[in-house]
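Trainee: Here is the input, now give the coordinates:
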Amino acid sequence: MAALPPTGSAALTSDGKPADEFKKRVSGFVNTGINQHALLAFASEARGGRLCTLSADVSVCKRNVIRTIRFNDGVKWVARLRIPSWPGSLQSRACSDKVTADMRSELATMEFLRRKTDIPIPEVYAYNLDTPNPVGCPFIIAQHVHASTAEHMSKAYPGHHEGVPPRYQHKFFKQLAGIMVKLASVRLPKIGSITRTEGSKDRFVIGPLVETGTGPYDSAVDFYRDYPRALHKKLAQEADPVSGQREVLQAFQALASTFTHQATTTCGKRPDEGFGLANYNLGLENILVDSDFNVLAVTDWSSVASMPDAALHRLPFLMGVDCLVPGLAEPHHAALERQQLAQQLAETAEMVSQLHCANSRQASRGKKTSFQFNRRAFFCKEALAHRAMVYVQLRQGRVNREWLKGLKWMLKHSDADVKHFYLLVD
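Mentor: Got it, this is the predicted structure:
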């Protein structure tokens, strides 16, 4: 095994090479956009005046700059400082309001799930979401976890694996599936994102979807009728439309009309009425592990929503796991390998959920309180349509064209044809 990657906040550093413009923007933010003295004063006050310093390491992830705060008694905290949005992406006031709403929802989600589940989620100690504020940006100060991201730990092992090293895949998939089951088992009355009621820290409600700012929705029918339009509007506000974008959203809406009349439970078995939760940022870069790939924390809760059951059957990105575009032949070995791993994850999720269901029945004297995944449901039309909606946000014309073909193929074929394509593909 190669030298171990950095631990703690340093593990959040991206290995990718972002565009020069992004690098320049982040560099300027780190050098002049953050008032370090104000940040340290804020952290010190949160711990009763104890002295603290900032470590020299600076880490960057998709939306945040990460700094480690060290107190004079050895305790460490992590500060997540929000990187300013791309210039011109939205009007400044609207952009600021969206950032505040997004971060409020993430904070509410983390606290809600810390109370409702045993998923390892870092504790939040303090935050300031005002724009502007003395530090210079919205920020969250949270528990430091001495660990590495699963992404960095995976890269420390030799081989050409895209995700977790093969020797740890089954173990990691079981833990990942356990987190997915616990999220799906939290049943909420509407489709939307979690937030707090105005002026309260302890009362949680379902608010609009963080992704689009629309909703909450009382039913899957309402959600499928409105979501494509809302997503198109959101994408258009952020940047110029990409080739095929509108067509993919229209194809999604056409396909959705074929399953909105259903109770949307055919893809999985839920413990009671309502909608379960899914974390759309549950990937290797946001999961902290030790050297044996034991999961110690999940750090990103910014893209969590209650969704129809089919959407809970989701495959994580950037994990060497993926499904073929429905109906399209894919001769490449790497794509077939990703599909095989996706089927393994689906089987693991079904197995783990069955164990959770059995344990929940025993603990609750026969009442089922745990969501049950179905391995075939990861490849049902409804789940695949949701995956297309994630892909369209990559803003790649080629990807849009492929998924447009896939959505149209599903419109013309039966559920049995779709299952045959995925589960019996050569």
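Trainee: going forward, measure contacts and count neighbours with C-alpha atoms only.
Mentor: Noted.
Trainee: ok, how many other residues are close to Asp73?
Mentor: The criterion is other Cα atoms under 10 Å. On that basis, Asp73 has 9 neighbouring residues.
Trainee: what's the spacing between it and Val298?
Mentor: 26 Å (Cα to Cα, to the nearest Å).
Trainee: Then Asp240?
Mentor: As for Asp240, its distance to Val298 is 33 Å (criterion: Cα to Cα).
Trainee: Next: Ala385.
Mentor: When Cα to Cα is applied, the distance between Ala385 and Val298 equals 26 Å.
Trainee: Could you check which of these two is surrounded by more residues?
Mentor: Neighbours were counted for Ala385 and for Val298 using other Cα under 10 Å; Ala385 has more, 26 against 22.
Trainee: Surely the more buried one is in contact with Gly406?
Mentor: No. Proximity of Ala385 to Gly406 does not meet the contact threshold set by Cα atoms under 8 Å, at 9.1 Å.
Trainee: Can you report phi and psi for the residue nearest the centre of the chain?
Mentor: Nearest to the mean C-alpha position of the chain, by Cα atoms, centre = their mean, lies Asn281 at 1.6 Å. The main-chain torsion angles of Asn281 are listed as degrees, to the nearest 10 and equal phi -110, psi 30.
Trainee: partner residues bridging the closest residue to Ser353 other than its chain neighbours?
Mentor: Distances taken as Cα to Cα, 6 or more residues apart in numbering place Gln372 nearest to Ser353, at 5.0 Å, with adjacent residues excluded. Assessed by DSSP bridges, Gln372 has beta-bridge partners Lys269.
Trainee: Gln372 contacts Thr348, doesn't it?
Mentor: No. Using Cα under 8 Å, Gln372 is not in contact with Thr348; the gap is 11.6 Å.
Trainee: Might you list the low-confidence residue ranges for this protein?
Mentor: Of all residues in the chain, those with pLDDT under 70 make up the ranges 1-19, 86-94, 160, 260-272, 363-368, 424-426.
Trainee: For it, which segments count as helices?
Mentor: Secondary structure of the chain (DSSP state H): helices at 20-28, 36-46, 92-116, 150-155, 166-184, 220-238, 245-256, 309-312, 333-363, 381-391, 397-412, 415-423.
Trainee: wait, which of these is closest to Lys62?
Mentor: Ranking the helices of the chain by proximity to Lys62 (Cα to Cα) places helix 20-28 first, at 10.4 Å.
Trainee: which residues make contact with that closest one from outside it?
Mentor: When contacts are defined by Cα atoms under 8 Å, 6 or more residues apart in numbering, helix 20-28 is touched by residues Ile83.
Trainee: in it, what counts as buried?
Mentor: Counting neighbours by 16 or more other Cα atoms under 10 Å, one finds that the buried residues in helix 20-28 are 25-26.
Trainee: so how far is that helix from its chain's centroid?
Mentor: Taking Cα atoms, centre = their mean, to the nearest Å, one finds the center of helix 20-28 at 24 Å from the center of the full chain.
Trainee: swap in stretch 208-224?
Mentor: Stretch 208-224 has its C-alpha centroid displaced from the chain centroid by 17 Å (Cα atoms, centre = their mean).
Trainee: how does the protein divide up, domain by domain?
Mentor: The chain resolves into domains spanning 19-144, 149-424 when parsed by the TED database.
Trainee: now, of those, which is deepest in the fold?
Mentor: Each of the domains of the chain was scored by mean neighbour count; the highest is domain 149-424, a mean of 19, by mean count of other Cα atoms under 10 Å.
Trainee: JSON lines please, covering the helices of the chain and showing distance to Val58.
Mentor: Formatted as JSON lines, the entries for those read as follows, by distance: least, Cα to Cα, whole Å:
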{"stretch": "helix 20-28", "distance to Val58": "10"}
{"stretch": "helix 36-46", "distance to Val58": "12"}
{"stretch": "helix 92-116", "distance to Val58": "21"}
{"stretch": "helix 150-155", "distance to Val58": "16"}
{"stretch": "helix 166-184", "distance to Val58": "28"}
{"stretch": "helix 220-238", "distance to Val58": "27"}
{"stretch": "helix 245-256", "distance to Val58": "36"}
{"stretch": "helix 309-312", "distance to Val58": "34"}
{"stretch": "helix 333-363", "distance to Val58": "33"}
{"stretch": "helix 381-391", "distance to Val58": "30"}
{"stretch": "helix 397-412", "distance to Val58": "34"}
{"stretch": "helix 415-423", "distance to Val58": "43"}
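Trainee: between those helices, which one is nearest to Gly276?
Mentor: Shortest distance between Gly276 and the helices of the chain, using Cα to Cα, is found for helix 166-184: 4.2 Å.
Trainee: Restricting to C-alpha, output the closest one in CSV.
Mentor: These are the backbone C-alpha positions of helix 166-184, laid out as CSV (Å, rounded to 0.1, in the frame of the first residue of the first chain):
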residue,chain,number,x,y,z
PRO,A,166,-11.8,-4.6,-4.7
ARG,A,167,-10.8,-6.2,-1.4
TYR,A,168,-12.9,-3.6,0.5
GLN,A,169,-15.8,-3.2,-2.0
HIS,A,170,-18.3,-5.6,-0.3
LYS,A,171,-17.5,-4.2,3.2
PHE,A,172,-17.9,-0.6,2.0
PHE,A,173,-21.0,-1.4,0.0
LYS,A,174,-22.7,-2.9,3.1
GLN,A,175,-22.0,0.3,5.1
LEU,A,176,-23.1,2.5,2.2
ALA,A,177,-26.3,0.5,1.9
GLY,A,178,-26.9,0.7,5.6
ILE,A,179,-26.8,4.5,5.4
MET,A,180,-29.2,4.4,2.4
VAL,A,181,-31.6,2.2,4.3
LYS,A,182,-31.6,4.5,7.3
LEU,A,183,-32.3,7.5,5.2
ALA,A,184,-35.1,5.8,3.2
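Trainee: quick one, that helix and helix 92-116 angle?
Mentor: Put simply, helix 166-184 runs at 100 degrees to helix 92-116, going by axes from the mean of the first three to the mean of the last three Cα atoms, to 10 degrees.
Trainee: Just name whatever secondary elements helix 166-184 is in contact with.
Mentor: Judged by 3 or more Cα pairs under 8 Å, 6 or more residues apart in numbering; DSSP states H and E, helix 166-184 is in contact with strand 276-279, helix 333-363.
Trainee: Show me what the shortest one is packed against.
Mentor: For strand 276-279, the helices and strands in contact under the criterion 3+ Cα pairs under 8 Å, 6+ apart are helix 166-184, strand 304-307, helix 309-312.
Trainee: what's the closest of those to Thr131?
Mentor: Thr131 sits nearest to strand 304-307 of all these, at 23.5 Å, using Cα to Cα.
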